[in-house]
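[1] From the sequence below, what's the structure:
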Amino acid sequence: MGNLHAIGGRAFPAVSHSAIFAVASALTMQSPVEKKPGVYTYMAQWPIYSLAWSVRRDKKSRLAVGSFLEDYSNKVEVVQFSQETLDFSTDSRLVFDHPYAPTKLMFFPSEEAMNPDLIATSGDYLRLWEIHDDRIELKALLNGNKSEFNSAITSFDWAQLDARRIATCSVDTTCTIWDVERAAVDTQLVAHDKEVFDISWGGVGIFASVSGDGSARIFDLRDKERSTIIYENPIPDSPLLRLEWNKGDPKLIATVGMDSNKVVILDIRFPTTPILELRKHETSVNAISWAPHVGRHLCSVGDDSRALIWDVASHGFRLDATDEVEPIMWYGSTAEINQARWSPVDLDWIAIAFSNKLQLLKV
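    Okay, here's the model as predicted:
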């Protein structure tokens, strides 16, 4: 049974998964949805790994979900959720094939309807897709490899403050800054000593990345020859896998190590020393997502089948990370949770993905 529990706040009722039944084809009809207060479930035809929210005001509560299949042929599907009827709707024309499982998805980071309706995906390459009413078509394939060998793109981030720039990171130790308008490389840096696993913009021309070398580093494109190591995993030879810069409070960065149950909160003003360590997951943390605009709340999900919501600011930003910090709310799913994304438009909603389910949690 899945339960969203408030800790020191309001509680949410349980949601039963027993009523979910199989659907003939996600490409021809809508998958069933559980309608329980606070928790709404959409079932895809394949295991879900990547997900993203649209930020456009004219496309509220629209998401994209990407499959995780051990095959060359994967899928990306656009799903619409109605907050009025609490129903999901899909269109078979808004599903497209994707080579390999997409490691990340992002919509064009602008609320304005006048901007192009684009979605970016990463995997073997960075791709831009244009969304029309009746189809989704490939707009650009961006290849930053300098040799005939292809290096997988592990993650990327589309700059909110400069939407012509996308930063990607790769297993070949590089980070690449793309000029989307020209569909060309703007800058490519050898960023780490090993694979780079995640990347996040912190401001105009400033980004951070984490790597298999166990370090989190900050880069400023005004000085491309240097970087600042802000944290190193204290466990020897242990990679850092996830990183997200807090867009609402840009002095804060969250990161997660491989096979770690901890979310480490960093203050860039005090490099190398975490200000908080969130340690209430029972097993590995798989994804983290800051609440947009506000800057104090964080959601983390993991192999313990739980989504934990933290009020980071309530603990005071101190340089003592040893105290036990309790989440303010938690939700239990029926399987390991792969992904979590906080809605950039409606702050009451968090999307999580596990198995073949997309769940929206109203918090």
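[2] where do the strands sit along the stretch 201-350 of the chain?
    206-211, 215-220, 227-232, 240-245, 252-257, 263-267, 276-278, 285-290, 297-302, 306-311, 329-332, 339-342, 349-354 (DSSP state E, counting those that start in this stretch).
[3] want to try TSV for those, with distance to residue 120 and mean pLDDT as columns?
    Placement of C-beta: from N, CA and C, glycine included. What follows is the strands of the stretch 201-350 of the chain, written out as TSV (distance: least, Cβ to Cβ, whole Å; pLDDT from 0 to 100):
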stretch	distance to residue 120	mean pLDDT
strand 206-211	16	98
strand 215-220	20	97
strand 227-232	24	96
strand 240-245	17	98
strand 252-257	22	98
strand 263-267	26	96
strand 276-278	29	95
strand 285-290	17	98
strand 297-302	22	97
strand 306-311	25	97
strand 329-332	28	95
strand 339-342	14	98
strand 349-354	17	98
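[4] Which one, of those, ends up nearest to residue 141?
    strand 206-211 (22.6 Å; Cβ to Cβ).
[5] before we move on, the earlier item: relative to residue 145, which of the strands of the stretch 201-350 of the chain is closest?
    strand 206-211 (18.3 Å).
[6] sorry, back to before: output the strands of the stretch 201-350 of the chain as JSON lines; include the columns distance to residue 48 and mean neighbour count.
    JSON lines is the format used below for the strands of the stretch 201-350 of the chain (distance: least, Cβ to Cβ, whole Å; neighbours: other Cβ atoms under 10 Å):
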{"stretch": "strand 206-211", "distance to residue 48": "23", "mean neighbour count": "26"}
{"stretch": "strand 215-220", "distance to residue 48": "27", "mean neighbour count": "21"}
{"stretch": "strand 227-232", "distance to residue 48": "30", "mean neighbour count": "17"}
{"stretch": "strand 240-245", "distance to residue 48": "17", "mean neighbour count": "24"}
{"stretch": "strand 252-257", "distance to residue 48": "20", "mean neighbour count": "25"}
{"stretch": "strand 263-267", "distance to residue 48": "22", "mean neighbour count": "24"}
{"stretch": "strand 276-278", "distance to residue 48": "25", "mean neighbour count": "22"}
{"stretch": "strand 285-290", "distance to residue 48": "12", "mean neighbour count": "24"}
{"stretch": "strand 297-302", "distance to residue 48": "13", "mean neighbour count": "26"}
{"stretch": "strand 306-311", "distance to residue 48": "15", "mean neighbour count": "24"}
{"stretch": "strand 329-332", "distance to residue 48": "17", "mean neighbour count": "22"}
{"stretch": "strand 339-342", "distance to residue 48": "7", "mean neighbour count": "23"}
{"stretch": "strand 349-354", "distance to residue 48": "4", "mean neighbour count": "24"}
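[7] excluding its backbone neighbours, what's nearest residue 46?
    residue 67 (4.1 Å; Cβ to Cβ, 6 or more residues apart in numbering).
[8] The residue nearest to residue 103 when sequence neighbours are not counted - how many residues pack around it?
    Once flanking residues are discounted, residue 103 sits nearest to residue 122: 4.8 Å by Cβ to Cβ, 6+ apart. With neighbours defined by other Cβ atoms under 10 Å, the count for residue 122 comes to 25.
[9] Quick check, residue 122 in contact with residue 99.
    No - counting by Cβ atoms under 8 Å, residue 122 does not reach residue 99; the two are 11.2 Å apart.
[10] re earlier: could I get the contacting residues of the residue nearest to residue 46?
    In this structure, residue 67 makes contact with 44, 46-49, 74-76, 98, 101-102, judged by Cβ atoms under 8 Å, 6 or more residues apart in numbering.
[11] Identify the single longest strand in the chain, thanks.
    Criterion DSSP state E: the longest strand present in the chain is strand 88-99.
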